[in-house]
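*Asks:* Quick one: sequence plus predicted model below, questions after.
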Amino acid sequence: METKSSQEEYRQLQQDLKQLREDLANLTRSVTESQKSNISNLRDEIRRESREAFDQVRKTGNDAINRARDTGEKAVNEIEHKIEERPFLTILLMFLAGVLVGKLLDR
């Protein structure tokens, strides 16, 4: 009788181990699928945030270029206006600047 119960316990133990293996395989698959989903979501979030950051940098750069262009145009307009107001003085100053640069380069 004891051999019968030992054999039954052995079969039960085998079934329990088989069930444990199946449960472990299912758990592994479940965790793997969950992690794939998390990685995919994280990748999408990183792409979205990268695009947003790039767009912000582009906008800031474009704004800076536009401000620099406007400032340059204002400076050119002011210089043109000053030249129109005093053409003789402007010619005289440019001549003197040329002479000064020429003397510095002769040394």
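*Replies:* That came in fine, so what should we check first?
*Asks:* for the longest helix anywhere in the chain, what is the average pLDDT?
*Replies:* Counting by DSSP state H, the longest helix found in the chain is helix 2-85. For helix 2-85, mean pLDDT rounds to 89.
*Asks:* Toward the C-terminus, what is the element adjacent to that helix?
*Replies:* Toward the C-terminus, helix 2-85 is succeeded by helix 87-106 as the next helix or strand (DSSP states H and E).
*Asks:* what's the angle from the longest helix of the chain to helix 87-106?
*Replies:* Interaxial angle of helix 2-85 relative to helix 87-106 (axes from the mean of the first three to the mean of the last three C-alpha atoms, to 10 degrees): 120 degrees.
*Asks:* Relative to residue 93, how far out is residue 78?
*Replies:* Taking C-beta to C-beta, to the nearest Å as the measure, residue 78 falls 15 Å from residue 93. Every C-beta, even on glycine, is put in place using the N, C-alpha and C of the backbone.
*Asks:* Apologies, that question was intended for residue 12.
*Replies:* For residue 12, the distance to residue 93 - C-beta to C-beta - is 108 Å.
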